[in-house]
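> What shape does this take:
(5 chains)
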Amino acid sequence: MLLNKRISIWSFLKYIKYDILFIVFYAIAIGVLDQFGFLSKISIPIAVTGVFGTAVALLLGFRTNQAYERWWEARIIWGAIVNDSRTLVRQGITFYDRQDGQYEFRIKEIVLRQITWCYALGESLRKVDFSPKVAGFLKIQDINDQNVPNAILLKHSEALSEALNDKVINKFQQVQIDSTIARLCDSMGKCERIKNTVFPKAHSLLIHLIIYVFATMLPFGLSDNYLSVEIGLTIAIPIIFIAIEKTSILMQDPFENDPMDTPMTDLAQTIEINLKQMTGDEDIPEKKKPETYYVL
Amino acid sequence: MLLNKRISIWSFLKYIKYDILFIVFYAIAIGVLDQFGFLSKISIPIAVTGVFGTAVALLLGFRTNQAYERWWEARIIWGAIVNDSRTLVRQGITFYDRQDGQYEFRIKEIVLRQITWCYALGESLRKVDFSPKVAGFLKIQDINDQNVPNAILLKHSEALSEALNDKVINKFQQVQIDSTIARLCDSMGKCERIKNTVFPKAHSLLIHLIIYVFATMLPFGLSDNYLSVEIGLTIAIPIIFIAIEKTSILMQDPFENDPMDTPMTDLAQTIEINLKQMTGDEDIPEKKKPETYYVL
Amino acid sequence: MLLNKRISIWSFLKYIKYDILFIVFYAIAIGVLDQFGFLSKISIPIAVTGVFGTAVALLLGFRTNQAYERWWEARIIWGAIVNDSRTLVRQGITFYDRQDGQYEFRIKEIVLRQITWCYALGESLRKVDFSPKVAGFLKIQDINDQNVPNAILLKHSEALSEALNDKVINKFQQVQIDSTIARLCDSMGKCERIKNTVFPKAHSLLIHLIIYVFATMLPFGLSDNYLSVEIGLTIAIPIIFIAIEKTSILMQDPFENDPMDTPMTDLAQTIEINLKQMTGDEDIPEKKKPETYYVL
Amino acid sequence: MLLNKRISIWSFLKYIKYDILFIVFYAIAIGVLDQFGFLSKISIPIAVTGVFGTAVALLLGFRTNQAYERWWEARIIWGAIVNDSRTLVRQGITFYDRQDGQYEFRIKEIVLRQITWCYALGESLRKVDFSPKVAGFLKIQDINDQNVPNAILLKHSEALSEALNDKVINKFQQVQIDSTIARLCDSMGKCERIKNTVFPKAHSLLIHLIIYVFATMLPFGLSDNYLSVEIGLTIAIPIIFIAIEKTSILMQDPFENDPMDTPMTDLAQTIEINLKQMTGDEDIPEKKKPETYYVL
Amino acid sequence: MLLNKRISIWSFLKYIKYDILFIVFYAIAIGVLDQFGFLSKISIPIAVTGVFGTAVALLLGFRTNQAYERWWEARIIWGAIVNDSRTLVRQGITFYDRQDGQYEFRIKEIVLRQITWCYALGESLRKVDFSPKVAGFLKIQDINDQNVPNAILLKHSEALSEALNDKVINKFQQVQIDSTIARLCDSMGKCERIKNTVFPKAHSLLIHLIIYVFATMLPFGLSDNYLSVEIGLTIAIPIIFIAIEKTSILMQDPFENDPMDTPMTDLAQTIEINLKQMTGDEDIPEKKKPETYYVL
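A predicted model of the protein is given here:
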């Protein structure tokens, strides 16, 4: 997630440097050719360029909106994961029978499992190697499924089932906690959906194409009496459109280990702190101030 | 679902080849006639074409949006199917009494039934013949209802009812699993809704019509001093609009066995792998790398 | 619901025949007057007409969207009715005690009541007379409430209560089935909401008004050098706008017994087939192929 | 709620009579001054007016949409109140033990309380005095909380609690009915949210301002060769924009006791009829045909 | 939350005073330079400015919409908090056993805890020091977690667990109240999500940038025959766009202790009054009339 401070327009423009180079070159080339009269006969009525520009703006609006919604949905899902993690542990703490000799152990286990699940989900969505914390847990628990977070959820349910057999919780409480686990399972699946569904490729291609068609048309609609203004506009307007397009491309895939990601590691840390404080655990990780213009 | 790689703009343009042919022919015809002065008296102020073009762009935006939402809703529904399949099996594994002699058999049955249900739902939505796996299951279970997935869900509930009678699960657990089955039933019905509801025909016709009206008006608004530019614009702009329209048409029906489909077979395979690993089944199908630019 | 085949643009244009007549007459009148120089002094800059046209397009976009959403919501509600009908019967079949002597009778009763409810809801929303099937059921059950579907739901709950008293279902199962009935009650109320809420009249009037104001302004912005083109545009553009408006008007009220309705009778038939096959009933109604360009 | 019949554009225009007066005066003043050459040097390119007009149209579109959504949400909430009222009474009728001596009394009490709640909610949202029916009930029940509907809901829950103590309902049934009451509590709170949240004032001011800026700019962009046309346009276009704005203002506050309100009294009456018929009560109020162009 | 009265356009303009200063300076500078002929050769076709202005308007529309939705979602969440607070207390009053000696104490405790939670949540979202009321409660309860509201919710659940052990509530009632607490936990997490998710910085930068590019282009597209009109337009249009942008910036962060905030303190007070009246508490705080143009 980009932070409010420290980011500048320059750190962003580097994402579209090739597009900028191409457009600058094209604008200057056309400008110069025009100056020497090679293209003076070609002119496109600016109103046609206008209609086309409106279409570009509308489609960019559509794309921006869909990309924003994917990004925001990703954030909503992780918000739900935060909530359900807290609810799960709160239910554990208050439903489990305190008279039971293993009470503390059972709760600690739930907390550890849930924290690991959060980190593991983030790491598998980003397709990075598991962090030592998670890898260690998986080894101890002997988990080697393709879908690790799903396997951890199953462990949750199995512990619950055992707790029922040991009469540490009652039947209603089991079903209530099971509903919380089912919601976590939903959130996990929703993340996978966003991760695995490519934003409609045909749309992306078309929008990219029409921005370039628009950029190509633009200089022929401008009056050529003042070269630098013509070149300036031919550069500025398409670049702004491409910048908007690029922003959408970056936002539409929120689990790619880049600066515009949903800050999953950061959220998992928040969860870790919350859950540990709920159980009176002293070993609270400290949150470092971000040193860059984003958090992951 | 289209994949991010390998698709080119050309593999897409073949969907609108007749429209392209027609528009190219029309543009050249008008251009030539114009050149010989037959149409010189007719001119449409470009501003009128502009208003009209804005209306086209707005309606295309509306259509693109609705088509996208149908496509995305289909994907959300199948995401829910993935989640509820996992939840169902997790509930089965942890709710059913492990002391029961038939424990393993019952769980295997749930898993097989659920996997078959996913494939069967995908195949009936696409109106293709059932795959051997599904057909075999139907034969053994003696199912010949018109709505096969619905019949399979009923089998789920019947097994559940039996498990309650055999005291393998308790009354709350039955109701909890029943809720999961009810959600699967909901997802199934939602898919049928999208499949069976034709996108409003009147809208489709009107939008197609006004794109062609716009294409017809366009050359009369262009200055005729440079033939190739006029022809180029008369071809390029309408084709882009038609391409956008076509994309929407392809996306609005996501269960038609074409490259833009919801990848139901692929998702059913994911479900199969997940469910089998949850029960420790060794017979995991291997996912092949897609060889084309899409997965089904 | 309009079907994909057989509908032509002509079968649609008849809905706006008076508007077409009026606009054709107006366009010709202005064209002729203009030709004879009566109106030559009046001219409206086409850019003003353009702004106005953009406003018309935006408001039409708004209206189209809202109408589409009412139509689509109606379809979603009926999709939920399909799902909950299946869930209700599946719960009945698997929750009720098979040892009970009246098992078959009770289930048949639920199925019949639910099928009748679906037809009755569709018929009361359309404000048509009840079909013989429904009327017969009402007579036998002695129902003469103003809101018939609501009275049928009450019968469902009463049978459920009786089943609990007879110990055919347990307390949790009663509550679980009650939730399904509550969802059906919700769907029923949602249909009534759409039926009884007039689309904001002020909006309808304003949009209709500004389309006509736009149509009135249009010819004065067109150059008058070629009569037939001027008349053509003055006719074509407003008619397309009115056609879009009319489509929205037809879609915004989806329970009016017209071709653009939610196909409630068809869906009720689907439900009848599904429910009867679930209970092994042999008396399955056959679905006829639609003979017109729509299904009701 | 405005009804489909009897409303005319005139009954609506009276809401904006001062704006109309002002704009007519301004248009004529500018027209006359222009005619005498006082303002001939000032001209604003119509394209600038055009951009500005597009911005006005877009912002009006945004505002119209948000206002519509508040209005429609209000209607959805009241639809949910209708549904949950029916569900509450249906649950009461079928959950309460018929063997209990006070059965009829208890049910009648629930029905009366629920009907009163509906009227009381409508009346407190509209900030009008309670009708005699409601006031009488409050007096008998000795309710004088600031939030009357909330106090009535508490009475519902207390009666439920008593019924559980008297063993008239079982524990699951109490919880199930409690969920229905919680949904009614939600609907009540949602109405209060819409009522108490002022539509962002800054937006309202800005939109109002830019419509007037646009109206001010408009005549300077029109050619002044034909006075009456110039004046006509300067009057017509801003008035249409203001009319659209006014419609939104009226719709955005749906509980203000004006013609565009959610028809809460009417819906409460529908609820009264439904609930009384469900309990076989003979004292059904008759619904009068509305005599004006709206129902409250 | 801004109130309907007393706010003027001036109290709003002070938020953008630096932008206004800059634009006024730029407009006058360009106007004067233009007057002396320095810039007469530079002109940008107004149609290009028009396209660009349309893009600005569309992106502003997008931003306004997203900001509005964040603001409205914040209000919806706090509406849900109001509802669930009432539901929680209503469930407490009617579920807890009145025969229990500690009944009054337990209920008072729930009420106090819930009221404190509401104030504490508002204060931690705004990152202000806790008010004496909250601070006192935290001291007595010995709460020093980083996330105070979460710790208070845990106290709720612990009291519930104790009540179950003391047989003051039954098992179903515990689970039902637990669901209410889980919803409160959800609402809390949703507020944190909105608070902690920076509105996409790249979008903000781009929109700000293109408004300034537009402002820069504007004077070169205006005819320079009448200085004051040119300067007026060059000032008015960009300022209106910036005002719209600023409004969105203020709305998108609804928990910042500024006039456009969700009125959390006010809502917490409403909750306090409601909950205390439900338990017959006499110590009702009085709501003061707001003295400024907003409530917090």
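> pLDDT weak spots in the stretch 101-250 of chain A?
Along the stretch 101-250 of chain A, the model assigns pLDDT under 70 to residues A:223-226.
> Tell me the residues of it that contact chain E?
By C-beta under 8 Å from any C-beta of the partner chain, the residues of the stretch 101-250 of chain A that approach chain E are A:170, A:172-173, A:175-176, A:180, A:218, A:221-223, A:225-226, A:229, A:233, A:236-237, A:240-241, A:243-244, A:247, A:250. All C-beta spots, glycine's among them, are computed from the backbone N, C-alpha and C.
> try it again with 7 Å
With C-beta under 7 Å from any C-beta of the partner chain as the criterion, the stretch 101-250 of chain A meets chain E at residues A:170, A:172-173, A:176, A:222-223, A:225-226, A:229, A:233, A:236-237, A:240, A:243-244, A:247.
> Mind picking the two most distant members of those residues?
Using C-beta to C-beta, those span at most 85.3 Å, a distance reached by A:170 and A:225.
> So for these two, which sits in the more crowded spot?
More crowded of residue A:170 and residue A:225, by other C-beta atoms under 10 Å in any protein chain shown: residue A:170, with 18 against 10.
> Need phi/psi at that one.
phi -100, psi 180 (degrees, to the nearest 10).
> count of neighbours near the closest residue to it other than its chain neighbours?
What sits nearest to residue A:170 in space, not counting adjacent residues and going by C-beta to C-beta, 6 or more residues apart in numbering or on different chains, is residue E:171, at 5.6 Å. Residue neighbour count, defined by other C-beta under 10 Å, stands at 14 for residue E:171.
> ok, residue E:171 touching residue A:172?
Yes. Between residue E:171 and residue A:172 there is a contact at 4.9 Å, judged by C-beta atoms under 7 Å.
> tilt between the helix or strand harbouring residue A:94 and helix D:46-95?
Secondary-structure assignment from DSSP states H and E places residue A:94 in helix A:46-95. Counting by axes from the mean of the first three to the mean of the last three C-alpha atoms, to 10 degrees, helix A:46-95 lies at 30 degrees to helix D:46-95.
> For the residue nearest to residue A:170, give me its contacts.
Residue E:171 is in contact with A:170, A:172, E:164, counting by C-beta atoms under 7 Å, 6 or more residues apart in numbering or on different chains.
> next one: phi and psi at the second one?
With angles defined as degrees, to the nearest 10, residue A:172 shows backbone torsions of phi -70, psi -40.
> Next up, the contacts around it.
When contacts are counted by C-beta under 7 Å, 6+ apart, residue A:172 touches B:172, E:171, E:172, E:175.
> what's near enough to touch the last one?
For residue E:175, the set of contacting residues under the criterion of C-beta under 7 Å, 6+ apart consists of A:172, A:173, A:176.
> Remind me what the helix or strand following the helix holding residue A:94 packs against, helices and strands.
Using DSSP H and E, the helix or strand that follows helix A:46-95 in sequence is helix A:103-125. Here helix A:103-125 touches helix A:46-95, helix A:132-141, helix A:148-165, helix A:171-196, helix A:264-278, going by 3 or more C-beta pairs under 7 Å, 6 or more residues apart in numbering or on different chains; DSSP states H and E.
> how about those, which one is nearest residue D:139?
Checking these against residue D:139 by C-beta to C-beta gives helix A:171-196 as the closest, at 41.1 Å.
> Could you list the buried residues of the closest one?
Using 16 or more other C-beta atoms under 10 Å in any protein chain shown as the test for burial, helix A:171-196 gives A:172-196.
> Now tell me what touches the helix or strand following it from outside.
Next helix or strand after helix A:171-196 toward the C-terminus (DSSP H and E): helix A:201-221. Helix A:201-221 is contacted from outside by A:23, A:27, A:30, A:42-46, A:49, A:52-53, A:55-56, A:59-60, A:63, A:230, A:234, A:237-238, A:241-242, A:245, B:2, B:4, B:7, B:9, B:12, B:236, B:240, B:243-244, B:247, using C-beta under 7 Å, 6+ apart.
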